[in-house]
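In: pasting the sequence and the predicted coordinates here, then a few questions.
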Number of protein chains: 2
Amino acid sequence: MITSPRAHRMTKQRQIILDVLRSTDCHPTADWIYEKVRQEIPRISLGTVYRNLRVLKEIGDILELNYGSTYSRFDGNSRAHYHFVCLECGNIQDIHVPVYTELDKAASEKVDGKVEFHRMEFYGTCSGCQ
Amino acid sequence: MITSPRAHRMTKQRQIILDVLRSTDCHPTADWIYEKVRQEIPRISLGTVYRNLRVLKEIGDILELNYGSTYSRFDGNSRAHYHFVCLECGNIQDIHVPVYTELDKAASEKVDGKVEFHRMEFYGTCSGCQ
DNA sequence: GTACGTGCAAATATTTTGCAGCAGT
DNA sequence: ACTGCTGCAAAATATTTGCACGTAC
């Protein structure tokens, strides 16, 4: 018998978590998502939110960000893109520039292994904090 | 009276923590550093290690990395450089390529704020995990 | 019907902090 | 001497997990 890859069920909880994440352009924390989803499913637990965020990340539907904080933020846009992090307020913006895939090749030659992709975060001060 | 910038004292603890971090090319966790420093100062506390890592980071002597883990890793090399993270084992290598400072300028034009620097991490599989 | 998913609560893991005494400058 | 720093222990924070029941497929 062939071991099939683990099937994922689209539960009401998982769907709404994904919807919440896709409907915002901020990069929320697990707790922010929890509060938001609770407006639709009041009895959902924080554990369920975390479990679903992990699954969605493994599937590749969302990204987990952890830039300088003790907690993670999540991004409903899984296409490769860069971020701008404000050093003052911690806010994160998406940056709309094409991804420099050629950098992976340059890095490959300097590394003991196989490079698959990269992430880049720009840091500075956002206009609100100037 | 002029408020002077807060002075930092170079204690035995702080010096040894910095020495430990500078003498390794791995990117250790706070706990790894704690165990290492304990060989020299057996009664040091983990709280002291965390407090000093924070100060050293603020001074700019070390870097705090948190790429995909629930815990931070630290880097005794504070000059700008890139990292290669193995997706299998979590190991981190330094990459010796010149830093692309021109990317900051390109990002500046797309961002609502002032870009000061960037960080980049390459992901893939290290040779030991192939 | 099967086995993945859920809610709940307790457990982990990591990092921070209050306090009284210690030590660098 | 002044004030930052330390060890200790407890607290705070974020995330994970065991369990019995629920539900997507």
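Out: Happy to help now that I have it.

In: who's in contact with the strand or helix carrying residue A:64?
Out: For residue A:64, the host element (DSSP states H and E) is strand A:63-65. Strand A:63-65 is contacted by residues A:27, A:53, A:57, A:72, A:73, A:74, A:75, A:77, A:78, A:83, A:92, B:68 when judged by CB atoms under 8 Å, 6 or more residues apart in numbering or on different chains. All C-beta atoms are positioned from the backbone trio N, CA, C, and that covers glycine.

In: what residues sit buried inside the longest helix along chain A?
Out: Assignment by DSSP state H gives helix A:46-59 as the longest helix of chain A. Within helix A:46-59, the residues scored as buried using 16 or more other CB atoms under 10 Å in any protein chain shown are A:48, A:49, A:52, A:53, A:55, A:56, A:57.

In: just those now: which is nearest residue B:117?
Out: Ranked by distance to residue B:117 (CB to CB), those are led by residue A:57 at 27.1 Å.

In: do you know how far that closest one is from residue A:21?
Out: Per CB to CB, to the nearest Å, residue A:57 is found 11 Å from residue A:21.

In: which neighbours do those two have in common?
Out: By CB under 8 Å, 6+ apart, residue A:57 and residue A:21 have these common neighbours: residue A:74.

In: domain-wise, how is chain A divided?
Out: By the record's domain assignment, chain A is partitioned as A:5-75, A:82-124 (automatic domain parsing).

In: tell me how far the longest one lies from the chain's centre.
Out: Its chain's C-alpha centre and that of domain A:5-75 lie 9 Å apart, by CA atoms, centre = their mean, to the nearest Å.

In: and the contacts of strand A:63-65, which are buried?
Out: Using 16+ other CB under 10 Å as the burial test, the contacts of strand A:63-65 include A:27, A:53, A:57, A:72, A:73, A:74, A:75, A:83, A:92, B:68 as buried.

In: near DNA strand C, which residues of chain A?
Out: A:6-9, A:11-14, A:41, A:43-48, A:51-52, A:55, A:70 (CB under 7 Å from any atom of the strand).

In: go with 10 Å
Out: Contact residues (CB under 10 Å from any atom of the strand) of chain A with DNA strand C: A:4, A:6-17, A:34, A:37-38, A:41-52, A:54-55, A:59, A:69-71.

In: so where is chain A shaky, pLDDT-wise?
Out: A:1-6 (pLDDT under 70).

In: hmm, back to that, mind checking which of the contacts of strand A:63-65 are in strands?
Out: Counting by DSSP state E, these place A:73, A:74, A:75, A:83, A:92 in strands.

In: how close does the third one sit to residue A:66?
Out: In this structure, residue A:75 and residue A:66 are separated by 11 Å, where distance is defined by CB to CB.

In: you'd agree residue A:123 is in a strand?
Out: Yes - assessed by DSSP: H, G, I helix; E, B strand; the rest coil, residue A:123 belongs to a strand.

In: so who does it touch?
Out: Residue A:123 makes contacts with A:84, A:85, A:86, A:87, B:115, B:116, B:117, B:118, B:119, as judged by CB under 8 Å, 6+ apart.

In: now do residue A:97
Out: Counting by CB under 8 Å, 6+ apart, residue A:97 makes contact with A:82, B:106, B:107, B:110.
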